[in-house]
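[1] Fold the following for me, if possible:
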Amino acid sequence: MDSFRRGDMVFDVQDGGPPDGEPVVLLHGFPQDCTAFDRMAPALHAAGLRTLAPDQRGYSPGARPVGRAHYRIREAADDVVALLDAAAIDRAHVVGHDWGGAVAWALGAWHADRLLTMTSLSTPHPSAMQHAWLTTGQGVRSWYMGAFQLPFLPEAALLARGGAALRRALVRSGLPEATVDHYVERMREPDALSAALNWYRAIPWSARDRVGVVRVPTLHVWSTADPFLGRTATEASARFVDAPYRLEVLEGISHWIPELAAGEAAALVAAHVKTA
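    Reported below is the predicted structural model:
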């Protein structure tokens, strides 16, 4: 499949690997798209797994609803359920990075009946993250989340001079320039950056939908050079899993695990799904 529909929205999706392999849904974050997993997917396919990597809401041109409330985590989780329904898949493994990790945690709590396993790359459980904001330096690390709440100004600042500020920030955070160029060009599409930022602007709505205890086997992969997400919330995430749980720490890798540590991440995911 190369697309699926939910209501009047159409989502783009990359479907690869053996058609009869166990399905793995790959969920990207900001400001990525499904190509974030291009380096991981071949190793997962070699392990006999089928991958389904959608461009999430706001990133698929046919799925950019107007209004920030449409970008709450509850809606994004339901998008994944719609993908599984469209693909006639009863249960799947789910791997999420960044915002995709937040969606993966939510799916593990709200839709455990549709999941075989869950993996979060970088992102802690939302409840652990909220606590860390209030009690540690996580709030300082996440300063940009507050800045993104402003209307219009973040788009103007990030996209000025062909997206120079966005490009500079991504390069400084460790992404290769060719990857940065691709993501910046996607964000320069009409309304794309506003839709992507609406994930942040929907935090007040997402916070009302409590993500409870996850009840599927869970792998959490975090990297020590992540400038955005600290260790405290990462280690606290185990308290919100009532199932086999493992934390793997990648030394010296920045936030962008799917792009920068694709081989290690794919090997961890393949082992996780095979042993669950």
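
[2] Residue 199 versus residue 31, what's the distance?
    10 Å (C-beta to C-beta, to the nearest Å). Backbone N, C-alpha and C define where each C-beta goes, glycine included.

[3] ok, which stretches of the chain are strands?
    Taking DSSP state E to define them, one finds strands in the chain at 3-6, 9-16, 22-27, 49-54, 92-97, 115-121, 218-223, 245-250.

[4] Distance to residue 192, mean neighbour count and mean pLDDT added to those strands, as a markdown table?
    Below are these laid out as a markdown table (distance: least, C-beta to C-beta, whole Å; neighbours: other C-beta atoms under 10 Å; pLDDT from 0 to 100):
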| stretch | distance to residue 192 | mean neighbour count | mean pLDDT |
| --- | --- | --- | --- |
| strand 3-6 | 17 | 17 | 98 |
| strand 9-16 | 13 | 18 | 98 |
| strand 22-27 | 18 | 26 | 98 |
| strand 49-54 | 15 | 24 | 98 |
| strand 92-97 | 19 | 28 | 98 |
| strand 115-121 | 23 | 26 | 98 |
| strand 218-223 | 27 | 25 | 98 |
| strand 245-250 | 30 | 16 | 98 |
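
[5] now for the ones you listed, which one comes closest to residue 86?
    strand 3-6 (3.8 Å; C-beta to C-beta).

[6] roughly how far out does that closest one sit from the chain middle?
    Remark: strand 3-6 is offset 19 Å from the chain centroid, using C-alpha atoms, centre = their mean, to the nearest Å.

[7] Counting by contacts, list what that strand packs against.
    Packing contacts for strand 3-6, counted by 3 or more C-beta pairs under 8 Å, 6 or more residues apart in numbering; DSSP states H and E, involve strand 9-16, helix 73-86.

[8] shaky segments in the stretch 151-276 of the chain?
    Judged by pLDDT under 70, the stretch 151-276 of the chain has no weakly predicted residues.

[9] try 80
    Within the stretch 151-276 of the chain, the segments meeting pLDDT under 80 span 276.

[10] got the residue ranges for the helices in it?
    For the stretch 151-276 of the chain, the helices defined by DSSP state H, counting those that start in this stretch cover 153-172, 177-187, 192-201, 203-206, 231-236, 257-260, 262-275.

[11] Reformat those as JSON lines; add distance to residue 89.
    Converted to JSON lines, those look like this (distance: least, C-beta to C-beta, whole Å):
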{"stretch": "helix 153-172", "distance to residue 89": "33"}
{"stretch": "helix 177-187", "distance to residue 89": "27"}
{"stretch": "helix 192-201", "distance to residue 89": "25"}
{"stretch": "helix 203-206", "distance to residue 89": "25"}
{"stretch": "helix 231-236", "distance to residue 89": "30"}
{"stretch": "helix 257-260", "distance to residue 89": "22"}
{"stretch": "helix 262-275", "distance to residue 89": "14"}
